[in-house]
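# Give the three-dimensional model of this entry:
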Amino acid sequence: MKRIAPSCLTVDLSAVCDNYRLLACRVRQQDPSVGLWCVVKADAYGHSLRQVTGALSAAGAGRFAVATLGEAEEVRRIAPAAEVLILGVTPPQEAGRLWEGNFCQSLHTAEYAAELSAAFVAFAREKPSGTVRPLRTAIKLDCGMGRLGFPVEDDGGVRLPSAEEMRGLAVTEVYAHFSSADDPASPETARQLSRFRAAVRMLHREERFARAQSHIC
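Prediction:
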């Protein structure tokens, strides 16, 4: 029987950091206020979350996106001052861990937002009065990718939970994904960007979403 040689992946961390600096430079040339989120989910796509996050943090990166609460806690150990966005779903009963880690949890449905709110309010009741800050959250919009998120109409309309259904939750981010980001000529990318921009404009008119940062690329 023929033996299959083991696979080996060599990651050049200096190249990873050079890529980050290049992207950051290009973005800042267009808009100095814009920052980058480094997506390090799934063990940094097999590149080693620990090593890649450490290298990027040393290179100046301060925002990391992950899929799970466990990944978020690992990033927090490596980069204590970083902003950490959880793209996936965290069980509502872990609201306390989300709050203690100062993570930003994505909201994909009204039902999930209500469950997380209820769990966090119950957690906050056990803390001394006035000591609990709101739980940071991000609104995930579905502008056409069809994976997760609140569906957005062509005119930017989107149905979100009421303020009462989101008690204790502070929305600091609004984001979406492109379905064909690797194809700059795709007409679907332009349509999704138009929907996203329209939705963000409408959300920013509401006080509770007025200061939320938006990102899609």
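# I'd guessed A170 sits against V132; true?
No: A170 is beyond contact range of V132, at 11.6 Å (criterion: CB atoms under 8 Å). For glycine as for every other residue, the C-beta is placed from the backbone atoms N, C-alpha and C.
# Contacts only, for R205.
With contacts defined as CB atoms under 8 Å, 6 or more residues apart in numbering, R205 is in contact with no residue.
# So which residues of the protein form helices?
13-30, 41-46, 49-58, 69-78, 95-100, 110-125, 187-203 (DSSP state H).
# What are the buried residues along stretch 33-41?
When neighbours are counted by 16 or more other CB atoms under 10 Å, the buried residues of stretch 33-41 are found to be 36-38, 40-41.
# Confidence-wise, which of those comes last?
pLDDT across the buried residues of stretch 33-41 is at its lowest for L36, which sits at 93.
# what number of residues lie near the closest residue to that residue other than its chain neighbours?
Setting aside the residues directly before and after it, L36 is nearest to A24 in space (CB to CB, 6 or more residues apart in numbering), at 5.6 Å. Other residues within reach of A24, judged by other CB atoms under 10 Å, total 16.
# same question, V200
Here the number of neighbours of V200 (other CB under 10 Å) works out to 23.
# returning to that earlier point: OK, contacts around the residue nearest to L36?
Applying CB under 8 Å, 6+ apart, one finds that A24 lies in contact with 35-36, 60.
# what do you get if the cut-off is 10 Å, keeping everything else the same?
Listed by CB atoms under 10 Å, 6 or more residues apart in numbering, the contact partners of A24 are 34-36, 59-61.
# just the residues you listed now: which is nearest P187?
Proximity of those to P187 was ranked by CB to CB; the top entry is V34 with 24.7 Å.
# Can you pull the phi/psi pair for that closest one?
Per-residue torsions, V34: phi -90, psi 140 (degrees, to the nearest 10).
# still on that earlier bit, pick out whichever of the buried residues of stretch 33-41 sits closest to M202.
Scanning the buried residues of stretch 33-41 for proximity to M202, where the rule is CB to CB, the winner is W37, at 22.9 Å.
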